[in-house]
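> 3D model of this:
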Amino acid sequence: MSIIYQKNRNISAQPLERLFASVNWSSAKYPQRLARAIHGSDTVYTAWDGKTLVGLINVLDDGNMTAYIPFLLVDPAYQGKGIGKRLLEMVKRDYRDFLRITLVSYHSSEGFYRKEGFCPANDAIVMYHTDLPD
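Numbers count the residues shown, from 1 in each chain. Got it, this is the predicted structure:
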């Protein structure tokens with residue numbers, strides 16, 4: 001397995017739909033919106049096995065202080081092979097001069113993020129969101 005990493009925001013809807021569906025994220029139901037969201041991100045790194053998108057991380061930043069990671073996902077068939085770690089390392093390198101890198105995570109991923117130097121915010125509150133109609 002030879003994984004190719006790229007910095008690229010211009011990803012078509014189909015590979016995004018497949019990747020997001022592989023991890024059972026509801027975002028997969030909106031491939032065109034996913035493509036627009038990724039294109040609008042400040043930074044996007046991807047991992048490819050041939051023509052198959054197997055990992056992705058994207059960042060929204062304020063240009064100076066905080067970088068937010070909305071998505072870090074790796075196809076389950078490729079998890080445990082260091083892909084997520086590598087994607088996160090690339091973002092940490094790019095944003096090393098920022099005061100903070102913030103991400104939202106499922107509790108099941110907490111161990112991975114702790115190993116990579118992240119910790120829950122002591123003053124964190126529940127994240128609130130609203131789902132908009134289609």
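> so what's Leu60 closest to, chain neighbours aside?
Tyr68 (4.7 Å; CB to CB, 6 or more residues apart in numbering). Yep, even glycine has a C-beta here, placed from its N, CA and C like the rest.
> Neighbours of that neighbour, how many?
Per other CB atoms under 10 Å, the neighbour tally for Tyr68 reads 16.
> what do you get for Leu103?
Residues lying near Leu103 (other CB under 10 Å) number 18.
> so it touches Ala67, yeah?
No. Using CB atoms under 8 Å, Leu103 makes no contact with Ala67, being 9.1 Å away.
> follow-up on the earlier one: any idea how far the residue nearest to Leu60 is from Tyr5?
The gap separating Tyr68 from Tyr5 is 21 Å, by CB to CB, to the nearest Å.
> Which of the helices or strands spans Phe71?
Using DSSP states H and E, Phe71 maps to strand 66-74.
> Could you pull out the buried residues of that strand?
67-69, 71-74 (16 or more other CB atoms under 10 Å).
> how near is the residue lying closest to Leu103 once chain neighbours are set aside to Gln32?
Spatial nearest neighbour of Leu103, chain neighbours left out: Ile69 (3.9 Å); criterion: CB to CB, 6+ apart. For Ile69, the distance to Gln32 equals 22 Å [CB to CB].
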